[in-house]
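Asker: sequence unknown, structure follows:
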């Protein structure tokens with residue numbers, strides 16, 4: 001709740017300053033680099049809270065995005081020796097890495113596209129007494145549409161109204177302990193690909209340029 005209030009407050013302050021962003025093109029051109037944070041309706045951003053480093057320009061902006069965070073996940077663990085199922089909790093590590101290029105059409109409207117790598121790691125995942133390290137890696141070519149307003153006082157507000165991508169994925173499953181069976185391996189593979197390609201709407205970046 002505090003995070004939502006903070007986001008709404010910051011968005012209000014930035015939007016109130018719209019009159020100071022009448023010429024975002026020139027303001028971008030006058031900046032060498034800028035730092036920000038990305039969040040919004042996107043699973044990876046919600047968990048990893050990535051930071052953004054951008055090199056802005058009049059028509060093109062190049063940016064790097066990186067962040068990581070933990071998410072608590074519940075799953076059913078079946079014990080074959082007792083034929084019982086128990087619910088267990090597991091911390092999943094989400095990592096976000098992106099290289100994004102923006103091409104501006106006009107003052108603020110832009111088309112973002114680029115390369116992204118998203119990783120979901122399940123350390124010490126256990127099923128039926130067998131322990132695995134699972135890592136699911138998604139390589140995605142992102143594209144979308146957005147607006148970005150750069151203010152006279154140095155701040156900037158970016159909103160990607162929609163972002164999607166085409167992807168390739170890879171699951172790495174490493175046995176750590178226990179006796180592996182076809183059932184445990186199948187369950188590990190199933191878990192590793194529970195999360196599919198990432199898309200998002202109303203993705204916000206707030207930051208300051210220098």
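Answerer: Looks like it arrived, so ask away. Since we're looking at a predicted model, the values are computed, not measured. Numbering: from 1, shown residues only.
Asker: pretty sure residue 157 is touching residue 146, no?
Answerer: No - the criterion here is Cβ atoms under 8 Å, and residue 157 misses it with residue 146 at 10.6 Å. C-beta here means a position set from N, CA and C on the backbone, and glycine is covered the same way.
Asker: compare the two (neighbour count), which wins?
Answerer: residue 157 (24 against 21; other Cβ atoms under 10 Å).
Asker: need phi/psi at that one.
Answerer: phi -130, psi 120 (degrees, to the nearest 10).
Asker: and what of residue 24?
Answerer: phi -60, psi -30.
Asker: now the end-to-end length of stretch 53-63.
Answerer: One end of stretch 53-63 to the other measures 6 Å (Cα to Cα, to the nearest Å).
Asker: that one: which residues count as buried?
Answerer: For stretch 53-63, a neighbour-count test (16 or more other Cβ atoms under 10 Å) marks 54, 56, 61, 63 as buried.
Asker: strands of this structure, start to end?
Answerer: Secondary structure of the chain (DSSP state E): strands located at 34-41, 51-55, 60-79, 84-104, 109-127, 130-150, 155-177, 200-209.
Asker: any chance of those in JSON lines, with mean pLDDT and distance to residue 188 too?
Answerer: Supplementary listing: the strands of the chain in JSON lines, determined by pLDDT from 0 to 100; distance: least, Cβ to Cβ, whole Å:
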{"stretch": "strand 34-41", "mean pLDDT": "94", "distance to residue 188": "29"}
{"stretch": "strand 51-55", "mean pLDDT": "98", "distance to residue 188": "32"}
{"stretch": "strand 60-79", "mean pLDDT": "89", "distance to residue 188": "11"}
{"stretch": "strand 84-104", "mean pLDDT": "91", "distance to residue 188": "12"}
{"stretch": "strand 109-127", "mean pLDDT": "93", "distance to residue 188": "7"}
{"stretch": "strand 130-150", "mean pLDDT": "94", "distance to residue 188": "5"}
{"stretch": "strand 155-177", "mean pLDDT": "92", "distance to residue 188": "5"}
{"stretch": "strand 200-209", "mean pLDDT": "94", "distance to residue 188": "28"}
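Asker: export these as CSV, with columns for distance to residue 27.
Answerer: Converted to CSV, those look like this (distance: least, Cβ to Cβ, whole Å):
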stretch, distance to residue 27
strand 34-41, 10
strand 51-55, 13
strand 60-79, 12
strand 84-104, 12
strand 109-127, 14
strand 130-150, 4
strand 155-177, 8
strand 200-209, 8
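Asker: quick one, which of the ones you listed is nearest to residue 24?
Answerer: strand 130-150 (4.4 Å; Cβ to Cβ).
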